[in-house]
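Engineer: turn this into a structure:
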Amino acid sequence: MTFLMLVLWVVLGLVLSGCTVKATTDTTTDGTTEFVSSTSGKTWWTEEGLVKQGHHAGAFVSVNYDHLLEDIAKGEGEYLLAFGNLLHVPPLQQKIFANRLQRHFVDLSAIRVSQGDNHVKQFINQVVVLTTHSSSPHL
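Structural biologist: Numbers count the residues shown, from 1 in each chain. Next up, the predicted model:
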């Protein structure tokens, strides 16, 4: 009986306060969009809150840069795997991709993506150069 009363009080509190899940979600999405827009120098989001075509890697790097750098330093991790997927790294090449980036961690971490869109592009271009312009997996 107490659980039911607790649920009733929560629902009643939300109804009386005018708070809705949609309003909370919209507020969170708006904040994220404003953050990325202000740090990237360009809007990557559609009016519906989706990342525009061709901007997925840039948006990912801008929002997840610190976590991505941690994974690059370790040579593995979910952020590094997701980034590789966004760059269309084949599953069998993910480990080589991670190792190459790990070996160049110092250079990659020196690029400050928080300084705008050009730095985000520079970071992604450097990653692409490191991972595609070598015939040897031992960069």
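Engineer: next, the buried residues of stretch 100-110.
Structural biologist: By neighbour count on 16 or more other C-beta atoms under 10 Å, the buried set for stretch 100-110 is 100-102, 104, 108. Yep, even glycine has a C-beta here, placed from its N, CA and C like the rest.
Engineer: list the contacts for residue 102?
Structural biologist: By C-beta atoms under 8 Å, 6 or more residues apart in numbering, the contact set of residue 102 is 72-75.
Engineer: which PyMOL command selects the buried ones in these?
Structural biologist: Buried residues within the contacts of residue 102, by 16+ other C-beta under 10 Å, are selected in PyMOL with:
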select buried, resi 72+73
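Engineer: could you check how far residue 88 is from residue 95?
Structural biologist: Residue 88 is 16 Å from residue 95, where distance means C-beta to C-beta, to the nearest Å.
Engineer: surely residue 56 is in contact with residue 88?
Structural biologist: No. Here residue 56 lies out of contact with residue 88, judged by C-beta atoms under 8 Å, at a distance of 10.7 Å.
Engineer: what about these two, which has more around it?
Structural biologist: Per other C-beta atoms under 10 Å, whichever of residue 56 and residue 88 has more neighbours is residue 56, with 14 against 8.
Engineer: list the residues that contact the residue lying closest to the more buried one once chain neighbours are set aside.
Structural biologist: Nearest residue to residue 56, sequence neighbours excluded (C-beta to C-beta, 6 or more residues apart in numbering): residue 86, at 5.3 Å. By C-beta under 8 Å, 6+ apart, the contact list for residue 86 reads 56-57, 60.
Engineer: where does the protein dip in pLDDT?
Structural biologist: 1-44, 133-139 (pLDDT under 70).
Engineer: let me see the ranges of the helices in it.
Structural biologist: Taking DSSP state H, the helices of the chain run over residues 2-17, 21-40, 56-74, 78-86, 94-103, 105-109, 117-132.
Engineer: tilt between the third one and helix 117-132?
Structural biologist: In other words, helix 56-74. With axes from the mean of the first three to the mean of the last three C-alpha atoms, to 10 degrees applied, the angle from helix 56-74 to helix 117-132 works out at 60 degrees.
Engineer: kind regards, and thank you for your time.
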